[in-house]
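Could you work out the structure for the sequence below:
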Amino acid sequence: MSKHAEGMRTALVTGANKGIGFATARALAEAGFKVWLGARSNERGRIAEAGLRAAGLDVNLIQLDVTDRSSIEAAARKMRSVSPSLDVLVNNAGVMNEVIGKELQTIPPSAVSTEQLRTIYETNVLGVVAVTQIMLPLLYNSSAGRIVNVSSRLGSLACLSDPKGPPRSLNMIGYSSSKAALNAVTVTFAIQLKDTPIKINSVTPGTIASDLSGTVNAEELAGKPGFAPPEEGARLIVRYAMLSRDGPSGGFFGPDGETPW
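Model (predicted):
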C-alpha cells in the first residue's frame with residue numbers, strides 16, 4: 001500500500017483511547033497496520049496503548065488534540081520521523097455536549113449556547129479539517145491513501161427531516177449541523193483529491209454504545225436495546241479504510257450501504 005518499507009502499512013486514528021476509536025485502532029492493527037493511537041490525554045492514551053500492546057499489536061500512542069494545530073503538527077513530525085507516509089487516516093474524534101441525563105434527552109436548539117456550538121464545531125469540523133490538511137503530505141506519499149470521516153445519521157438532512165427518522169428527543173442543533181458540515185468537508189476534499197490515489201468518505205457506524213457526554217457512558221448504553229458494541233461500528237470504518245482502487249470516494253455510507261445526504 002505504501003511506498004515505504006514493503007509490507008508496512010500505517011494508520012492514524014484520532015480519539016483512539018476509547019469507544020469506536022479504540023475498537024478501530026485494534027481492528028486496523030489486527031489487519032496488519034502499524035497504528036498511531038491518537039489521544040488528547042497522554043494518561044488515557046497510555047492505558048489504551050498498553051492494552052493493545054499486551055495483545056501483541058503494533059500500536060504507538062501519539063498525543064494529538066485536534067483543536068490545537070501545534071499539537072497536530074507535532075504529531076505529524078513524529079510520525080514522519082518513523083515513516084514517510086500514512087496509508088489510513090480515521091478522523092474519529094468528536095464531541096456531543098447537548099445530552100442531558102441518562103435517558104438521552106437533549107437541550108432544545110433554542111437553548112443551546114453559542115459557546116456550546118463553538119466547542120462542538122472546533123472538534124467535529126475544524127479539527128477534522130486541520131488534521132486532514134496537516135496529514136495530507138504523508139497521505140500523498142502512500143500509493144493508496146484512505147481517509148474515513150466518522151459521521152452520523154444525525155448529520156443527514158434527509159434522515160433528520162424524515163418523520164420516521166431519528167427520535168425527536170435527539171434534536172441537536174450542534175451535533176447534527178456539525179456532522180452535516182463534516183459531510184460537506186468530505187465532499188470538498190474528494191473533489192480536490194479526485195485525480196489522486198487518495199479516497200475519502202464519510203461513514204456513519206450506526207447506533208453504537210459509546211461515551212456521549214459527562215452523564216452517559218458506553219457501559220450504561222451497552223445494556224439498552226438498539227445499541228451495538230463499538231467493535232461493530234469499527235468493522236464498517238475499517239472496510240472503508242481498506243477500500244480497493246475501484247472503491248468510491250466522496251460518499252456517505254452506513255451499515256446498510258449508501259446513506260442519503
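
can we go C-alpha only for contacts and neighbour counts from here?
Will do.

which residues are contacting stretch 45-64?
For stretch 45-64, the surrounding residues in contact (Cα atoms under 8 Å, 6 or more residues apart in numbering) are 14, 16-18, 22, 25-26, 29-30, 33-42, 71-72, 75.

Equivalent analysis for stretch 177-194, please.
120-121, 124-125, 128-129, 149, 151-152, 154-157, 199-202, 249-252, 261.

please redo it, this time with the cut-off set to 7 Å
When contacts are defined by Cα atoms under 7 Å, 6 or more residues apart in numbering, stretch 177-194 is touched by residues 121, 124-125, 151-152, 155-156, 199-202, 249-250.

Tell me what residue 61 is bridged to.
When assigned by DSSP bridges, residue 61 has beta-bridge partners residue 37.

number of nearby residues for it?
Neighbourhood size, residue 61 [other Cα atoms under 10 Å]: 21.

Tell me where the stretch 51-200 of the chain has helices.
Per DSSP state H, counting those that start in this stretch, the stretch 51-200 of the chain carries helices over the ranges 69-82, 114-121, 127-140, 157-160, 173-192.

Could you check the angle the last one makes with helix 127-140?
What that stands for is helix 173-192. Angle of helix 173-192 versus helix 127-140, following axes from the mean of the first three to the mean of the last three Cα atoms, to 10 degrees, is 30 degrees.

related to what we said a few turns ago, show me how to select, in PyMOL, the buried members of the contacts of stretch 45-64.
One line in PyMOL is enough to select the buried ones among the contacts of stretch 45-64; burial here means 16 or more other Cα atoms under 10 Å:
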select buried, resi 14+16+17+18+22+25+26+29+30+33+34+35+36+37+38+39+40+42+71+72+75
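
Among the contacts of stretch 45-64, name the ones in strands.
33, 34, 35, 36, 37, 38, 39 (DSSP state E).

pLDDT score assigned to the first one?
By that I understand residue 33. pLDDT recorded at residue 33 is 97.

List the beta-bridge partners for it.
Going by DSSP bridges, residue 33 forms beta bridges with residue 9.

Where does pLDDT dip in the stretch 1-150 of the chain?
1-7, 100-104 (pLDDT under 70).

Now do the phi/psi pair for the residue nearest to the spatial centre of the chain.
The residue lying closest to the centre of the chain (Cα atoms, centre = their mean) is residue 92, at 1.6 Å. When read as degrees, to the nearest 10, the backbone of residue 92 gives phi -100, psi -30.

quick one: residue 109 and residue 82, what's the gap?
Separation of residue 109 from residue 82 (Cα to Cα, to the nearest Å): 45 Å.

Of these two, which one has the most company?
Using other Cα under 10 Å as the criterion, residue 109 and residue 82 rank with residue 109 on top: 12 against 8.

show me the contacts for the more buried one.
So residue 109 contacts 172, 173 (Cα under 7 Å, 6+ apart).

any idea how far it is from residue 164?
Separation of residue 109 from residue 164 (Cα to Cα) stands at 20 Å.

again with residue 145
Separation of residue 145 from residue 164 (Cα to Cα): 37 Å.

try residue 148
With the distance defined as Cα to Cα, residue 148 ends up 27 Å from residue 164.

The two - which one has more neighbours?
The neighbour comparison of residue 148 against residue 164 (other Cα under 10 Å) goes to residue 148, with 24 against 9.

partners of the more buried one in the sheet?
residue 90, residue 201.

Surely it and residue 202 touch.
Yes - the pair residue 148 and residue 202 qualifies as a contact (Cα atoms under 7 Å) at a distance of 5.9 Å.

Please name the residues that touch residue 253.
By Cα under 7 Å, 6+ apart, the residues touching residue 253 are 202, 203, 204, 259.

any chance of those residues in CSV, with pLDDT and distance to residue 61 too?
Supplementary listing: the contacts of residue 253 in CSV, determined by pLDDT from 0 to 100; distance: Cα to Cα, whole Å:
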residue, pLDDT, distance to residue 61
202, 98, 25
203, 97, 24
204, 94, 25
259, 96, 33
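
ok, those vs residue 245, which is closest?
Nearest to residue 245 among the contacts of residue 253, counting by Cα to Cα, is residue 202 at 17.2 Å.
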